[in-house]
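*Asks:* 3D model of this:
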Amino acid sequence: MVYRFIYGKPIETEAILKKPEVVPDGFKVPYLTKIDNGYSFGYSFRMDEHDIVYGLGENVRGINKRGWVYVSNCSDEPAHREDTRSLYGAHNFLIVDGTVRFGIFVDTSGKVTFDIGYTGMDTLSITLENKDHELYIMEGESPDQIVTSFRKLTGSSYIPPKWAFGYGQSRWSYLSADEVREVVQSHRDNGLPLDSVYLDIDYMEAYKDFTVNQETFPDFQGFVAEMHREGIHLVPIIDAGVKIEDGYDIYEEGREKGYFCKGEDGEDFVIGVWPGRCVLPDMLNEEARKWFGSQYQILLEQGIDGFWNDMNEPAVFYSEKRLNKVFSMLQEYQKQDLDIRSYFEFKDLVNTLSNNNEDYQSFYHSYRGQRIRHDKVHNLFGYYMTRAAAEAFDRLVPDKRILMFSRASSIGMHRYGGIWTGDNLSWWSHLEMNMKMLPSLNMCGFLYTGADIGGFGADVTQDLMLRWLALGIFTPLMRNHSAVGTRRQEAYTFDDIGAFRDILSLRYRLLPYLYSEYMKAALADGMYCRPMGFVYPEDDIARRIEDQLLIGTSIMIAPIYKQNEKGRVVYCPEEMKLLRFRGGDVTEERLLEKGHHYLSMELDEVLVFIRKGQILPLGSGGRNVAETDFDNLTMYHLAEEGACYEQYYDDGDEKTVNLHIQDHIRVWQL
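*Replies:* Residues are numbered from 1 along each chain as shown. You can find the predicted model right below:
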């Protein structure tokens, strides 16, 4: 059962595709108490001691969201910690699972605060900055059923090309075509599988979108074709800001047609990002969005078949308006005898330039014939930028899947692309956070997701990199990405290249299973990665475990995420079969009884647990996805005779929206 309520005159987000009838006036919102005291509006729910609160997608802390306060407000927060409240995504969907079971989706483009046992340990409260919104309450017999019900409302998840399930190497920045060639050759020389190399901002001419630096990347179309012959896909970055430069055709055309966001005075609102002075395309303006999406054709025509959208919260280094104000204030401090108070005011002043709320309240969009201040629709910007690209791909290359993922997102964008979980750091805590975000993102429809493996900022260590890869081989998006100025973290730069080779090779052996489970989840509006409690709801130990995950229907994983650990305790909620992988092969295969087990796990080992009655198919691997055998499989199982595995398969490139899933199922029977 789904209940839909409307309050005020909400801005249409287009997060919901299939809207049920609105509940009649006077019908009480089930489960929740409405709060409207004149200065705040929202809802509250009294949680039972044993209730678990799932969801909220990309966020800090655990799978169970109790005990903290989360603010849905797309934010550029690379150094996020346990006390961070907002990250790059705004995902207003959660599930209460316990004494009662229901899902909540708050459909609004503005800021929402979820206080889940922070102010009062037993109180879940939801506070809206703008009371104009739609509220959806979903009932179901299980959390899985609620997730599927929610997906039926919001639409099916994005499906990338099959090659995008291979390993990708990235760094800010590879400065030339020759450096990219060196990266590819180093992987090949060391027997390290690779499918893609990502191009950060330095492939561009002066950081201008949809341009290529002809000095460092000459004959770009020929270079793309050369990489394709090597089995490598190049994936360039596209940023939200358009450089202000006379003669730059994209800027000139956008200005002429009025496609950029405006300030209070009606003039283009000027901000600073990578290229310096920039303007923001009005992604909420349908004409401007179509125009911006059409620019991707420039790179599609040169052979590019994958992109990543960045800086689209939107991130703002400064606005021209605020920059002038800060310069003026700095001059005043120059005249002062700085005491402790004024010193720290002075010191912090420059930090107020970036992503300032005053700036977000200072420019406007044209949306459905209305002039709307940006902060009222802030959480839609990244979603609509990625939508612009996806809709353009449907027009320009209608029969081909294009890789697309984004940094900023909100509910609804899952139909158009995946996400990576933003700029992170080479911290063990961020490895743990990566693991715990995965099922929460799946609940919100984001199946194609992953973190910057090894961490984007700071210096990674070899042990952290190996442990992160041991998790990363199970994430659909598997990309090693790092920032300029940090330690190089390509697999071939470490001492024990063999360990990296073995773990990466295992990813490709797993691909027939991982791809199949992803596709079945996407086409059936299900989940690829589940918390333990979704599958074992009657087992209270399993419900409370947050560092073990179910990947697809057949396997459980239990990664190590702490420094210097040589093993860990694993809980089996039923009899399971342990597969120990080392050197890319199974070195141990044994049954584990239900209960706790301490298991050793060296840096070059990966442990996989097969569920009772299930089958895990493995391929032979290859240098890339194209060389991986999806047909001749080895079956590992803990199943009775006659059990079967339903493998989804296709060519990995054609659009699947018109395909019947049963036409692409191969049954493997014991």
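
*Asks:* Contacts only, for the residue nearest to Val667 when sequence neighbours are not counted.
*Replies:* The spatial neighbour of Val667 that comes closest, neighbours along the chain excluded (CB to CB, 6 or more residues apart in numbering), is Cys644 at 5.2 Å. Bear in mind the C-beta positions are built from the backbone N, C-alpha and C, glycine included. Contact analysis of Cys644 by CB atoms under 8 Å, 6 or more residues apart in numbering lists 615, 667-670.

*Asks:* residue ranges of the strands in the stretch 401-550 of the chain, please?
*Replies:* 403-406, 409-410, 418-420, 449-450, 452-453, 478-480, 529-531, 549-551 (DSSP state E, counting those that start in this stretch).

*Asks:* Report the separation between the residue nearest the centre of the chain and Gly445.
*Replies:* Centroid-nearest residue in the chain: Ile419, 2.8 Å away (criterion: CA atoms, centre = their mean). If you measure Ile419 against Gly445 using CB to CB, to the nearest Å, the figure is 10 Å.

*Asks:* what do you get for Asn424?
*Replies:* With CB to CB as the criterion, Asn424 and Gly445 are 22 Å apart.

*Asks:* Could you check how far stretch 662-670 is from the centre of its chain?
*Replies:* Taking the mean of its C-alpha atoms, stretch 662-670 sits 30 Å from the chain's own mean (CA atoms, centre = their mean, to the nearest Å).

*Asks:* no no, stretch 643-653
*Replies:* That offset, for stretch 643-653, works out to 25 Å (CA atoms, centre = their mean).

*Asks:* Ok, stretch 46-54 next?
*Replies:* Worked out by CA atoms, centre = their mean, stretch 46-54 lies 26 Å from the chain centre.

*Asks:* Can you name the next helix or strand after the least confident helix or strand in the chain by mean pLDDT?
*Replies:* Across the helices and strands of the chain, mean pLDDT, DSSP states H and E gives its lowest value to helix 340-349, namely a mean of 84. Per DSSP states H and E, the first helix or strand lying C-terminal to helix 340-349 is helix 357-360.

*Asks:* And the contacts of that following helix?
*Replies:* Contacts for helix 357-360 (CB under 8 Å, 6+ apart): 271, 316, 319, 321-322, 374-375, 378.

*Asks:* Show me the residues you listed that map onto helices.
*Replies:* 321-322 (DSSP state H).

*Asks:* And the furthest pair within the contacts of helix 357-360?
*Replies:* Lys321 and His378 (17.5 Å; CB to CB).

*Asks:* any idea how far Leu87 is from the residue nearest to the centre of the chain?
*Replies:* 11 Å.

*Asks:* what do those two both touch?
*Replies:* With CB under 8 Å, 6+ apart, Ile419 and Leu87 have common neighbours Glu58.

*Asks:* Return the set of buried residues in the helix or strand where Val147 lies.
*Replies:* Using DSSP H and E, the element containing Val147 is helix 143-154. Neighbour-count burial for helix 143-154 flags 143-144, 146-151, 153-154 (criterion: 16 or more other CB atoms under 10 Å).

*Asks:* ok but Lys577 is inside a helix, no?
*Replies:* No - if the criterion is DSSP: H, G, I helix; E, B strand; the rest coil, then Lys577 is strand and not within a helix.

*Asks:* Tell me which residues touch it, please.
*Replies:* 589-592, 609-610, 636-638.

*Asks:* Tell me which of the residues you listed fall in strands.
*Replies:* 589-592, 609-610, 636-638 (DSSP state E).

*Asks:* Could you write me a ChimeraX select line covering just the buried ones among these?
*Replies:* ChimeraX command restricting the ones in strands among the contacts of Lys577 to the buried ones, with burial defined by 16+ other CB under 10 Å:
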select :592,609,610,636,637,638
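
*Asks:* between the ones in strands among the contacts of Lys577, which is nearest Asp115?
*Replies:* Phe609 (36.1 Å).

*Asks:* Bridge partners for the closest one, pull those for me.
*Replies:* Met556, Leu578 (DSSP bridges).

*Asks:* All the helices of the stretch 251-400 of the chain, in order from the start?
*Replies:* 286-294, 297-300, 320-334, 340-349, 357-360, 381-396 (DSSP state H, counting those that start in this stretch).

*Asks:* who does the longest helix along the chain touch, helix- and strand-wise?
*Replies:* Determined from DSSP H, the single longest helix within the chain is helix 497-523. Judged by 3 or more CB pairs under 8 Å, 6 or more residues apart in numbering; DSSP states H and E, helix 497-523 is in contact with helix 462-472, strand 576-582, strand 614-618, strand 644-648.

*Asks:* Just send the ones you listed back as TSV, with distance to Phe307 too.
*Replies:* Below are these laid out as TSV (distance: least, CB to CB, whole Å):
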stretch	distance to Phe307
helix 462-472	21
strand 576-582	33
strand 614-618	31
strand 644-648	25
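
*Asks:* Quick one: closest of these to Asp525.
*Replies:* Closest of the helices and strands packed on helix 497-523 to Asp525 is strand 644-648, at 14.5 Å (criterion: CB to CB).

*Asks:* Follow the chain on from that closest one and name the next helix or strand.
*Replies:* Toward the C-terminus from strand 644-648 - assigned by DSSP H and E - lies strand 665-669.

*Asks:* between that next one and strand 614-618, how big is the angle?
*Replies:* For strand 665-669 against strand 614-618, the angle by axes from the mean of the first three to the mean of the last three CA atoms, to 10 degrees is 110 degrees.

*Asks:* Strand 665-669 pairs with which strands, parallel or anti?
*Replies:* Taking DSSP bridges as the criterion, strand 665-669 forms sheet pairs with strand 644-648 (antiparallel).

*Asks:* between the strand it pairs with and helix 497-523, how many degrees?
*Replies:* 90 degrees.

*Asks:* Restricting to C-alpha, output strand 644-648 in CSV.
*Replies:* Coordinates of each C-alpha in strand 644-648 appear next as CSV, following Å, rounded to 0.1, in the frame of the first residue of the first chain:
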residue,chain,number,x,y,z
CYS,A,644,20.0,-24.0,-10.7
TYR,A,645,21.5,-20.6,-11.3
GLU,A,646,19.7,-18.2,-13.6
GLN,A,647,22.4,-16.2,-15.4
TYR,A,648,21.5,-13.0,-17.3
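
*Asks:* Give me the buried positions along it.
*Replies:* 645, 647-648.

*Asks:* so where's this structure uncertain?
*Replies:* Per-residue confidence for the chain (pLDDT under 70) gives these ranges: 656-659.

*Asks:* start to end distance for stretch 42-55?
*Replies:* Stretch 42-55 has its terminal residues 18 Å apart, counting by CA to CA, to the nearest Å.

*Asks:* Out of the helices and strands packed on helix 497-523, which gets nearest to Gly166?
*Replies:* Per CB to CB, nearest to Gly166 of the helices and strands packed on helix 497-523: helix 462-472, 12.0 Å.

*Asks:* Who's the closest spatial neighbour of Ser366, skipping the chain neighbours?
*Replies:* In space, not counting the residues next to it along the chain, Ser366 is nearest to Asn285; the distance is 4.6 Å by CB to CB, 6+ apart.

*Asks:* for Ala458, that is, sorry about that
*Replies:* Counting by CB to CB, 6+ apart, the residue nearest Ala458 is Ser426, at 4.1 Å.

*Asks:* so the one you found sits right up against Asp452, yeah?
*Replies:* No - with contact defined as CB atoms under 8 Å, Ser426 and Asp452 do not form a contacting pair (9.2 Å).

*Asks:* Could you check which of those two is surrounded by more residues?
*Replies:* When Ser426 and Asp452 are compared for neighbours, Asp452 comes out ahead with 26 against 23, by other CB atoms under 10 Å.

*Asks:* for the residue lying closest to the more buried one once chain neighbours are set aside, what are its contacts?
*Replies:* Counting by CB to CB, 6+ apart, Asp452 lies nearest to His481, which is 4.0 Å off, once chain neighbours are set aside. His481 makes contact with 170-172, 198, 420, 452-454, 456 under the criterion CB under 8 Å, 6+ apart.

*Asks:* from those residues, which single one is nearest Leu514?
*Replies:* Among these, and counting by CB to CB, the member closest to Leu514 is Ile453, at 15.5 Å.
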